[in-house]
Structures are given as structure tokens and as C-alpha cells.
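> quick one, what's the 3D model for this:
(one chain, ligands or ions: 1)
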Amino acid sequence: MRITPYGAAQTVTGSCHLVETFSKGGYKLILDCGAYQGAEDDRNAQPFGFEPNTVNAVVISHAHHDHIGRLPILIRRGYRGQIYLSEPTLRFLPVILEDSLRLMTEEHERGERSGRKIPELLWDQADLNELYQRLEPVPLHQELAFGPFTLRLRGAGHLPGSAFIEVREGKQCLIFSGDLGNRSKEVLPDPEDPPSADLVLCEGTYGDRPHRPFDETIAEFAQVLGEHLSQGGKVFIPSFALERAQEVLYHLRELEQQNKIPSVPVYVDSPMADKISEIYPQVKRYFSPEVQALYDQGIDPFRPRQLRHTHTVDESKALGDLSGPLVIVAGNGMLSGGRILHHLRYGLSDPKNALVITGYQPRGGLGRILLEGAERVRMFGEEVRVKAQTYTLGGFSGHAGQDELLDWLKGENRVALVHGEPEKLQTLARALGSRGQTAQVAEWGKPIEV
Ligand SMILES: [Zn+2]
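As a prediction, the model looks like this:
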């Protein structure tokens, strides 16, 4: 068999890989079908690099948009087979793709109103409905046979139900890592060890460095919360709706239980995060033993004492009139849009307040500008004076750091690297090479023989 990357090659988005065999009449399998995001999102409109109607099956590693976001395009362009995924991924997928459709449609309508010539939408609700007919949940570890292949999903510890994928044909074994979780975090189980394979296609998002120890991150989180809440301040935490928002709630609850922070109202100002949180109890066996134990005692691990939700935009705006101490968790995590911006517009000028960043901030984005110490920023056409403090807590990353990647790959002979910036993948390839493993940085459209 052979594998060809058609996405996430020397970049972190657009995960999509074609596995082919030429025996028994030939068979084609796609591992992930993710969207390109950020500066690269125009690549979503381009051809896949293979013919969707010649693909026999699709297997998905996890529900992040950069691993599922091109599935509706695959359907629109003629794919008519099944899509295999874990049960939690099956449940999260509609929430993610329907939000994506809403954002895409809103942007399209804004474009139309402005009178600009705008391209057709890449997909619509009909494609999504067709896609839903093709989803097929698969338990982790269960062996599945497709044509000449046998497949297995194994726990990757990156999202509830996230998987790495084992593909076997005869005696050959290929592993695709998907995204591997950060072992030192508490909410999800550790990634399972991979079997020894002929080739591992492995992510390298943090291929160049280890993460800061997680207990240090949580200690700093407690300190920042304590300092600002005791002054009556508001703490704003921009978060992605899937996993990070709930993880923040988990630690707020834990810190409150341990009396390390005062109990204050915690507002989740994200209808999408609420939808994901509603799914969590239905997939509780996909969490760490600690989280499962809390569920077994009848405790919601993701519910601080004074948890509140906003539903409408008016309710969200009304949060601006409340006085602290309080915490607001809102989207989006990269500060490129969403309700968090309205809170910052009114909240950044108060020195009692804090912005706590738990995720990656792109260069030139508002989060990065605030972290660099800007005294003024422009928001919604107005100048806002920045008096609030901004903190970044690096250890929250949902990906394995370099040390964990090296440990995960220790029993493997041959590795091809994807899902990372080129320098990070090269650093990881050198680290693997220095201990005698064969490692290469994979390229778009270039087949690698297993
Ligand atoms: Zn991911």
C-alpha cells in the first residue's frame, strides 16, 4: 500500500490523506477530510488531488474542523461511500459543521449585500444531510474489514473519542496519528501506545519543543484568577467551543473545590460550547479515569458552582453591565470574531480585569497584539485604551509536545511527518534521525510507499 498527503503537508490545517492498494483490483481509503483554515482557507475550493467518486471509504480521526471540514465538499464532488468515525466524533460533527455552514452563509450574505462579486458557496445543507446518511460509528479497538484492508481506531487523547488509525493490508501496517493529545493534562486519557508499524504518518504540531509542565500552568491560572477576582475584576477567557471551553470549566471547578479561588459567577457565553457540553455526559467513558469517577459520583466535572449560560445576543450584551468579580468564557478562541470581542471592547480599559489566553494566537491577531503589550487597540471602529492585564497560559495545548511525540514514536523504524510548520517538522525529523530512526517530512501529493 501507499499513502499520499492531500492536506496538512507542512502546514497545520486541511488534514487529508489517501491510502491506496493495487492488489485485488485496487482500493482507496481517505484518512480525514479536513478544511484548510486561516490564511490558507482559499485552498478548500481547489481540487482534492484525487477523484472523490473513486474513493471506497473514509475514516475520520476526530471532530476538529481541520480534520472534518471538507467532508461536505467531498460529498458534493461525488463521494458516495461510508464515513467511519468514533461515537463521540459522530456526535460532535454536526455541531461543528452546522456552525461552519452558519458562518459561511453569513459571510456570503454580507458579501452579497456589499455588491461584490462573490464565489458560490462550497457546500450547503443538502450536502450536509447527504453526509449524515453516510456516518457509521465504530467502537475504539474494534477491527473493521474494508476490501483488502483491516482498520482499527485507537485512543489518541486529544478530544473525547479522538483516535489514531491503524491500517493493515496482509503483513503491512500503517499508522496515522491524527492529532495526539497532551499527556500531562487531566481531562482526557493518555494516547495509547502504537503497535510497531512499517510506516507511521505522524503529526508534529509541536515537533520543536516540549510544553511547560501542566501543574505550573494551573498554578499560574489560580494566581491570576485569585488576583483579579479578589479586586472585583472580570476575567475573560477566549475559548474554542469544543474541548477547551469545557476544560477551562473543569479547572475552575477544581480550583474552587480546593479553595484556591473564590466561587464567583462563571458565564459561558457561547451557544456552541453549550451544545458540546450537553454531549459530554453521553460520552463519559471517553474521559480520563478521574473525570469518569466524578461522573460516577453524580458530580458534573465541568460545572463550577455558579455556572450561568447566555442564550441570546441581548443576554450576552447585558453581561457588560454586570460588575465583577466574575468570569466570562466566550468564543472564539483566536479572537478573530465572536462574542468575546464585545466583552473586550468594554472590559479592556479597566485595570482590575484580565484576559487569560489558553490557546494559539496567530501573528497580527488581537491576542498577539495584546500579549505584546499594546496600550491602545482598535475595535469596532473605535480606539480602546488597554489597562487590563493579558496573560498567556501555554500549557493548555491539546497536542503532544516534542518529548511526548518522541516517546510515542520510540518503537518505530520509519516515520513521515505531517500537520506542522516546516521548521517544526524538520526539527522533529532530526531528533528522530539522531536516534537512528528514518524520518521524512511529507509533501503534498507525493506518495510514500509503505
Ligand atoms: Zn485536532
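> wait, what's in contact with residue 160?
Counting by CB atoms under 8 Å, 6 or more residues apart in numbering, residue 160 makes contact with 88, 92, 188, 243, 280, 283, 286, 287. For the C-beta atoms, the positions are set from N, CA and C on the backbone; glycine is no exception.
> give me every residue in the stretch 101-250 of the chain lying close to the ion.
Contact residues, the stretch 101-250 of the chain versus the ion (CB under 5 Å from the ion): residue 179.
> take the contacts of residue 160 and keep only those in helices.
Per DSSP state H, helices hold the following members of these: 88, 92.
> chain center to stretch 67-81: distance?
Centre-to-centre, stretch 67-81 and its host chain are 19 Å apart (CA atoms, centre = their mean, to the nearest Å).
> end to end on it, go ahead and measure it.
Using CA to CA, to the nearest Å, the end-to-end distance of stretch 67-81 comes to 18 Å.
> which parts of it are buried?
For stretch 67-81, burial by neighbour count (16 or more other CB atoms under 10 Å) applies to 67-77, 79, 81.
> likewise stretch 265-284?
265-277, 279-280, 283.
> what is the nearest of these to residue 31?
Nearest to residue 31 among the buried residues of stretch 265-284: residue 283, at 21.9 Å, using CB to CB.
> report pLDDT for the closest one.
Note for residue 283: predicted pLDDT of 98.
> and residue 311, what does it touch?
Listed by CB under 8 Å, 6+ apart, the contact set of residue 311 reads residue 271.
> how far away is it from residue 268?
Using CB to CB, to the nearest Å, residue 311 is found at 10 Å from residue 268.
> tell me which residues of stretch 407-424 are tucked away?
Neighbour counts over stretch 407-424 (16+ other CB under 10 Å) mark 408, 409, 412, 415, 416, 417, 418, 419, 420, 424 as buried.
> what about it, near the ion?
No: Stretch 407-424 does not reach the ion (CB under 5 Å from the ion); its nearest approach is 8.6 Å.
> please save the CA atoms from that stretch in CSV.
Taking Å, rounded to 0.1, in the frame of the first residue of the first chain, the C-alpha atoms of stretch 407-424 are listed here in CSV:
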residue,chain,number,x,y,z
ASP,A,407,8.3,8.9,23.4
TRP,A,408,5.2,7.8,21.4
LEU,A,409,7.4,7.1,18.3
LYS,A,410,10.1,5.2,20.2
GLY,A,411,9.3,1.7,18.9
GLU,A,412,9.0,2.8,15.2
ASN,A,413,11.5,2.5,12.4
ARG,A,414,10.0,4.7,9.7
VAL,A,415,8.2,7.9,10.2
ALA,A,416,6.7,10.5,7.8
LEU,A,417,5.7,13.9,9.4
VAL,A,418,2.6,16.0,8.7
HIS,A,419,0.5,18.6,10.5
GLY,A,420,3.1,21.1,11.4
GLU,A,421,5.0,24.1,10.2
PRO,A,422,8.1,23.0,8.0
GLU,A,423,10.8,24.1,10.6
LYS,A,424,9.0,22.2,13.4
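> counting neighbours, what do you get for residue 170?
11 (other CB atoms under 10 Å).
> closest to the ion out of the contacts of residue 160?
Among those, residue 243 lies closest to the ion (CB to the ion), at 8.7 Å.
> apart from its chain neighbours, what residue comes closest to that closest one?
In space, not counting the residues next to it along the chain, residue 243 is nearest to residue 159; the distance is 5.3 Å by CB to CB, 6 or more residues apart in numbering.
> can you pull out the helices in the stretch 301-450 of the chain?
313-318, 340-347, 366-371, 402-408, 422-433 (DSSP state H, counting those that start in this stretch).
> swap that for the stretch 1-150 of the chain, please
65-68, 71-76, 87-113, 125-132.
> pick the most buried one from those helices.
Neighbour counts (mean count of other CB atoms under 10 Å) averaged over each of the helices of the stretch 1-150 of the chain peak at helix 65-68, with a mean of 25.
> thinking again about what came up before, reformat the helices of the stretch 1-150 of the chain as a markdown table; add mean pLDDT.
Shown next, in a markdown table, are the helices of the stretch 1-150 of the chain (pLDDT from 0 to 100):
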| stretch | mean pLDDT |
| --- | --- |
| helix 65-68 | 97 |
| helix 71-76 | 98 |
| helix 87-113 | 94 |
| helix 125-132 | 98 |
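> make JSON lines from those helices and add distance to residue 257 to it.
Listed next are the helices of the stretch 1-150 of the chain as JSON lines, based on distance: least, CB to CB, whole Å:
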{"stretch": "helix 65-68", "distance to residue 257": "33"}
{"stretch": "helix 71-76", "distance to residue 257": "40"}
{"stretch": "helix 87-113", "distance to residue 257": "26"}
{"stretch": "helix 125-132", "distance to residue 257": "39"}
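> what's the closest of these to residue 214?
With CB to CB as the measure, helix 87-113 is the member of the helices of the stretch 1-150 of the chain nearest residue 214 (22.5 Å).
> elements contacting the closest one?
Here helix 87-113 touches helix 65-68, helix 71-76, helix 125-132, strand 135-137, helix 271-279, going by 3 or more CB pairs under 8 Å, 6 or more residues apart in numbering; DSSP states H and E.
> give the buried residues for the helix or strand that comes right after the last one.
Looking back up the chat, that one is helix 271-279. On the C-terminal side of helix 271-279, the closest following helix or strand by DSSP states H and E is helix 289-296. Of all the residues in helix 289-296, those buried under the rule 16+ other CB under 10 Å are 291, 294, 295.
> right, and the second one touches residue 301 too?
Yes: in this structure residue 294 lies within contact range of residue 301 using CB atoms under 8 Å: 4.2 Å.
> if you rank every helix and strand of this protein by mean pLDDT, what lands last?
strand 144-146 (a mean of 91; mean pLDDT, DSSP states H and E).
> give me the residue from the stretch 1-150 of the chain nearest the ion.
Closest point on the stretch 1-150 of the chain to the ion, by CB to the ion, is residue 64, at 3.6 Å.
> sorry, back to before: who touches the least confident helix or strand of the chain?
27, 29, 56, 57, 84, 138, 150, 151, 152.
> ok, that strand: who's next to it in the sheet?
Neighbouring strands of strand 144-146 in its sheet, by DSSP bridges, are strand 149-155 (antiparallel).
> now the partner strand against helix 87-113, angle please.
For strand 149-155 against helix 87-113, the angle by axes from the mean of the first three to the mean of the last three CA atoms, to 10 degrees is 90 degrees.
> okay if I get the contacts of strand 144-146 as a markdown table plus neighbour count and distance to residue 330?
As requested, these are exported to a markdown table (neighbours: other CB atoms under 10 Å; distance: CB to CB, whole Å):
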| residue | neighbour count | distance to residue 330 |
| --- | --- | --- |
| 27 | 19 | 45 |
| 29 | 27 | 39 |
| 56 | 16 | 42 |
| 57 | 22 | 38 |
| 84 | 22 | 34 |
| 138 | 21 | 34 |
| 150 | 15 | 44 |
| 151 | 21 | 39 |
| 152 | 19 | 38 |
